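Undergrad: Sharing a sequence plus its predicted fold:
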Amino acid sequence: MNKSAQIGSLLLAIALLGVLGVVVVRSPSAAPSGAAGAVLTPAEHGLGRVRVEVLNGGDVSGMARVGRDALRDAGFDVVSIGNTAALHPDSSVVIDRVGNREMAEAVAKALRIPNVLSEPDSNLYLDVSVLLGSNWNPEARRP
């Protein structure tokens, strides 16, 4: 399968997940927030408001939007989305920007991203940055 066919298949899968995600997230059979394996909201973590930026670094159209929607559904305040030229476009990473790694780990858990770094930057008006690489699978984030 050539690269353009793979990208087309991924975009179709993302679109379908967006439609199906509304049903899954709002389904009454979904696990309560305190259940084992469930993702807790920032308030349930005792974190308060967590301001997040989501950046697409993986050259797959629409990933930042899908990440934004997933985080907003989980109770995070996504203040911006966009694209970035990532150093490692295949890898996803969550970056603590204020010296509170717990916030970044809560975001990483919501998106099921194992890589968390701490790089505080007082010039940014946000708590956490998310760089989505082309390996990020929005389907894998579902509990």
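TA: It's in. Residues are numbered from 1 along each chain as shown.
Undergrad: which residues in the protein form strands?
TA: Shown for the chain, the strands assigned by DSSP state E span residues 51-56, 77-83, 93-96, 116-118, 128-132.
Undergrad: and the last one with strand 77-83, angle?
TA: Meaning strand 128-132. 40 degrees (axes from the mean of the first three to the mean of the last three Cα atoms, to 10 degrees).
Undergrad: Start at 41, not 1
TA: With the count now opening at 41, the last piece we talked about shows up as strand 168-172.
Undergrad: List the neighbouring strands of strand 168-172 plus their orientation.
TA: strand 91-96 (parallel), strand 133-136 (antiparallel) (DSSP bridges).
Undergrad: Other residues contacting it?
TA: In this structure, residues lying in contact with strand 168-172 by Cβ atoms under 8 Å, 6 or more residues apart in numbering are 90-98, 103-104, 107, 111, 124, 126, 132-137, 143-144, 147, 151, 153. Heads up, the C-betas are built off the backbone N, CA and C, glycines and all.
Undergrad: nearest to Glu179, of the strands of the chain?
TA: Closest to Glu179 of the strands of the chain, according to Cβ to Cβ: strand 168-172, at 13.7 Å.
Undergrad: Can I get the closest one in PDB? Just the C-alpha atoms.
TA: Listed next in PDB are the C-alpha coordinates belonging to strand 168-172 (Å, rounded to 0.1, in the frame of the first residue of the first chain):
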ATOM      1  CA  VAL A 168       0.600  21.600  28.800                       C
ATOM      2  CA  SER A 169       1.700  21.200  25.200                       C
ATOM      3  CA  VAL A 170       0.800  18.100  23.200                       C
ATOM      4  CA  LEU A 171       2.700  17.200  20.000                       C
ATOM      5  CA  LEU A 172       0.900  14.500  18.100                       C
END
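Undergrad: got the residue ranges for the helices in the protein?
TA: Counting by DSSP state H, the chain has helices at residues 43-65, 103-113, 141-151.
Undergrad: and those helices, which one is worst for confidence?
TA: Of all those, the segment with the smallest mean pLDDT is helix 43-65, scoring a mean of 44.
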